[in-house]
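Peer 1: I'll drop the sequence and a predicted model, then ask my questions.
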Amino acid sequence: MPTRPEPRARGALAAFGAFTLVGCAAPAPPSPAARIAASPPSSARARPSASPSPPASVPPAPPPGATAAPAAPRTAAPPASPPPAPAPTSLARGDGTALDRALGDGDAAFEAGDAKGALAAYERARKLAPASASAPLVGIARATLAAPDVEFVLGAEDHNQRVLALLRDLKAAASHASDDPGLQRELGKTLFVLGRSDAAIVALSHAVQISANDLEALSVLSVALMSAGKSDQALPYLRRAAELAPNDAESYTNLGTALLLTAQVGEAATAFERAVALEPNSARTHSDLGTACLTQARFECAVRELTRATELDPVRATYRSNLAHALEVAGKLNEAYASAKRATELDPKLGSAWLNLGTTAAKLGHFDDARRAFERAKALDPTDPRPATDLAELDELVRGRH
């Protein structure tokens, strides 16, 4: 029963892990379940670099006594274009009014991670603003969605009355200011956490159309598209986000996930490698890169990176299970068995860990252990065809030994 590494992306729905947005914490898209049960694997060839220019031909030397022709003047290279910058997020304009000071207080609190303080300041701004002003409501929305008790996951807040009330306010305001990118972004984010992905995509697409460098809108739109199974459509937005946030590991993690889901494994690996370079002490980035290497059959890399993930987060069962699979395909069966067994201890409901344990046990000749592991996986998810297939292969293997 050979193991079959399949990509698994972090999810925006119940079954998926921790896909993080640039600019806010959130998850990501569905992808097939597999023996690899962790953050998204991906990797392969990096983008090809530009071919070097052919050498310029050298003119022949002038004959003796001849006067050399004057050299052609050199043309100065055009100045490099500055890298794109994210759209500003400040709601205050600096005009010194009481309204503007309240918005500035909200901005400062929000940037400091104080969602409660930001909400209070934006609420104060709303009382000072004319009814047509949208900035206070934009601030209220972003502070509400950043609150610790609001989970920024697709559909996680579908019954939250506070978020539903926010949606009504945003819809009313957007009907009078449809070209306000902040309103459209916050409307899209609100629809996202309420689980209304199609409507969220419409609002977020409009926000990005109005403000192409809105980093948060780009990020949430990408996740919404991937959650809807449209990873190919998400790629341009993720590439733009990576351009706008070249030193943010999350932008490359998100990009790597989408590249993996669209079978662009080489570029995905490159993106994950960049994420590891930017965030070397993140277990998740090492797991992403390790699973990518596993997808590429780069087993030494896979074992190294997944081992590092388990060192940084020793209680994450998915990392242990993925490491077990990498060790097993690398031929290190005893180590693989120990890693898979530890994964089942950390999370007895993790089906991929039981599958990896069964496969390794079978290769070691521990057929009874293998059968128990596959049967446990089957009991955990009767709809998963893999345990039944593995049990049938195990029976055939046992018969062949007798």
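Peer 2: Done, it's in.

Peer 1: CA atoms of the helix or strand harbouring residue 277 as CSV?
Peer 2: For residue 277, the element it lies in under DSSP states H and E is helix 265-278. Extracted as CSV, the C-alpha positions of helix 265-278 are listed here (Å, rounded to 0.1, in the frame of the first residue of the first chain):
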residue,chain,number,x,y,z
VAL,A,265,4.9,23.0,-8.0
GLY,A,266,8.2,24.6,-8.9
GLU,A,267,7.0,28.1,-8.3
ALA,A,268,5.2,27.0,-5.2
ALA,A,269,8.4,25.6,-3.7
THR,A,270,10.2,28.9,-4.5
ALA,A,271,7.5,30.8,-2.8
PHE,A,272,7.7,28.6,0.3
GLU,A,273,11.5,28.9,0.3
ARG,A,274,11.2,32.6,0.4
ALA,A,275,8.7,32.3,3.3
VAL,A,276,11.2,30.2,5.2
ALA,A,277,14.0,32.7,4.6
LEU,A,278,11.8,35.5,5.9
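
Peer 1: List the buried residues for it?
Peer 2: 265-276, 278 (16 or more other C-beta atoms under 10 Å). All C-beta spots, glycine's among them, are computed from the backbone N, C-alpha and C.

Peer 1: now it, how far from the chain's geometric center?
Peer 2: With C-alpha atoms, centre = their mean, to the nearest Å as the basis, helix 265-278 stands 12 Å off its chain's centre.

Peer 1: what's the offset of whichever helix or strand comes after it from the middle of its chain?
Peer 2: Next helix or strand after helix 265-278 toward the C-terminus (DSSP H and E): helix 283-295. Centroid separation for helix 283-295 versus its chain: 13 Å, with C-alpha atoms, centre = their mean.

Peer 1: Run through the neighbouring helices and strands of helix 283-295.
Peer 2: Helices and strands touching helix 283-295, by 3 or more C-beta pairs under 8 Å, 6 or more residues apart in numbering; DSSP states H and E, are helix 249-261, helix 265-278, helix 299-312, helix 317-329.

Peer 1: Residue 397 contacts residue 362, doesn't it?
Peer 2: Yes: shown here, residue 397 and residue 362 form a contact pair, counting by C-beta atoms under 8 Å, at 6.5 Å.

Peer 1: Mind exporting the C-alpha coordinates of stretch 310-319 to PDB?
Peer 2: Extracted C-alpha coordinates of stretch 310-319, given in PDB (Å, rounded to 0.1, in the frame of the first residue of the first chain):
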ATOM      1  CA  THR A 310       8.300  19.300  14.600                       C
ATOM      2  CA  GLU A 311      11.200  20.800  16.600                       C
ATOM      3  CA  LEU A 312       9.500  24.200  16.500                       C
ATOM      4  CA  ASP A 313       6.100  22.800  17.200                       C
ATOM      5  CA  PRO A 314       6.400  19.400  18.900                       C
ATOM      6  CA  VAL A 315       2.700  19.000  19.600                       C
ATOM      7  CA  ARG A 316       1.300  19.500  16.200                       C
ATOM      8  CA  ALA A 317       0.100  16.100  15.000                       C
ATOM      9  CA  THR A 318       0.000  17.000  11.300                       C
ATOM     10  CA  TYR A 319       3.600  17.900  11.300                       C
END
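
Peer 1: hmm, who's touching that stretch?
Peer 2: Stretch 310-319 is touched from outside by 17, 37-39, 281-284, 286-287, 306, 309, 320, 323, 339, 343-344, 346-347, 350, 352-353, with contacts defined as C-beta atoms under 8 Å, 6 or more residues apart in numbering.

Peer 1: Now which of these would you call buried?
Peer 2: Buried among the contacts of stretch 310-319 by 16+ other C-beta under 10 Å: 17, 37-39, 282-284, 286-287, 306, 309, 320, 323, 339, 343-344, 346-347, 350, 352-353.
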